[in-house]
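Enquirer: Test case, fold it:
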Amino acid sequence: MKKYLICTYLLLFSTFYQAIAQTRKSDSLFYQPFETIHLKPIVIGANGRYYYGGQRLRSSYSLEIPFADLNDDQVNRYFKNSRTIRTLGSVVAALPTIYFLIAGRNSGISRQTFWTTYFASIGVSLASNLVANGQMRKAVNTYNLRLARPRVGLSVQETANNRLVVGLSMRVGVGR
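Expert: Numbering: from 1, shown residues only. From the prediction side, this is the model:
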């Protein structure tokens with residue numbers, strides 16, 4: 001009899017505690033909403049480095065996170081183009097070196113051919129990096145323009161007496 005009574009009390013207590021916990025989450029007195037994190041503008045330094053939120057980024061590939069958060073098709077396209085061009089340039093620049101390593105001295109390749117393809121691969125690498133940096137700058141400039149455009153917001157919230165309050169806002173500017 002005592003075991004059933006203790007089990008019943010524990011069951012009622014846990015049910016009551018769960019019900020209170022559920023109401024506290026939805027009650028506006030106890031619920032504290034998290035702050036939304038706003039995107040920050042990206043600054044291109046004089047040294048060609050990228051800065052986000054005042055901190056220097058180690059790589060231009062680190063910009064993928066704010067670009068993905070903005071979720072703009074044009075910015076994402078510029079970023080993907082930059083990444084693809086840089087990768088293709090690296091692969092094309094490495095192909096002559098790989099060929100000469102595999103072919104070796106036995107294939108009868110002249111020194112002039114070797115140096116011509118060597119400098120051509122360096123030129124392809126530099127040109128692809130310049131084009132990729134141009135695409136990345138376009139992505140950064142478009143990102144910053146998208147942050148600066150005016151945003152309009154609409155808020156509908158229910159008050160304590162079950163009436164709706166409607167609010168309208170417009171925000172212009174970059175950052176917070």
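
Enquirer: Share the number of residues neighbouring Phe79, please.
Expert: For Phe79, the neighbour count with other Cβ atoms under 10 Å is 24. Just so you know, the C-beta spots here come from the backbone N, C-alpha and C atoms, and that holds for glycine as well.

Enquirer: One more: Asn141?
Expert: Using other Cβ under 10 Å, Asn141 has 14 other residues around it.

Enquirer: same question, Ile109
Expert: Around Ile109 there are 14 other residues, counting by other Cβ under 10 Å.

Enquirer: Am I right that it sits in a strand?
Expert: No: counting by DSSP: H, G, I helix; E, B strand; the rest coil, Ile109 is not part of a strand but coil.

Enquirer: ok, the nearest residue to it once chain neighbours are set aside - how many residues close by?
Expert: By the measure of Cβ to Cβ, 6 or more residues apart in numbering, the closest residue to Ile109 outside its immediate chain neighbours is Ala103, 6.3 Å from it. Number of residues near Ala103 (other Cβ under 10 Å) recorded here: 12.

Enquirer: Next one, pLDDT for Ala103 please.
Expert: At Ala103, the model reports a pLDDT of 77.

Enquirer: Distance of it relative to Lys2?
Expert: Look at Ala103 and Lys2: by Cβ to Cβ, to the nearest Å, they are 90 Å apart.

Enquirer: ok, now Thr8?
Expert: Separation of Thr8 from Lys2 (Cβ to Cβ): 11 Å.

Enquirer: Of these two, give the one with the bigger neighbour count.
Expert: Regarding Thr8 and Lys2, a neighbour count based on other Cβ under 10 Å identifies Thr8 as having more, with 10 against 6.

Enquirer: ok but that one is inside a helix, no?
Expert: Yes: counting by three-state DSSP, Thr8 falls inside a helix.

Enquirer: what about the strands in the protein?
Expert: Counting by DSSP state E, the chain has these strands, from start to end: 42-44, 50-52, 55-56, 151-158, 164-171.

Enquirer: Nearest to Tyr78 among those strands would be which one?
Expert: Proximity to Tyr78, assessed across these by Cβ to Cβ, is greatest for strand 42-44 (12.5 Å).

Enquirer: partners of that closest one in the sheet?
Expert: Here strand 42-44 has these sheet partners by DSSP bridges: strand 50-52 (antiparallel).

Enquirer: State the pLDDT value of the residue nearest the centre of the chain.
Expert: Geometric centre of the chain, nearest residue: Ile65, 1.4 Å, by Cα atoms, centre = their mean. At Ile65, the model reports a pLDDT of 89.
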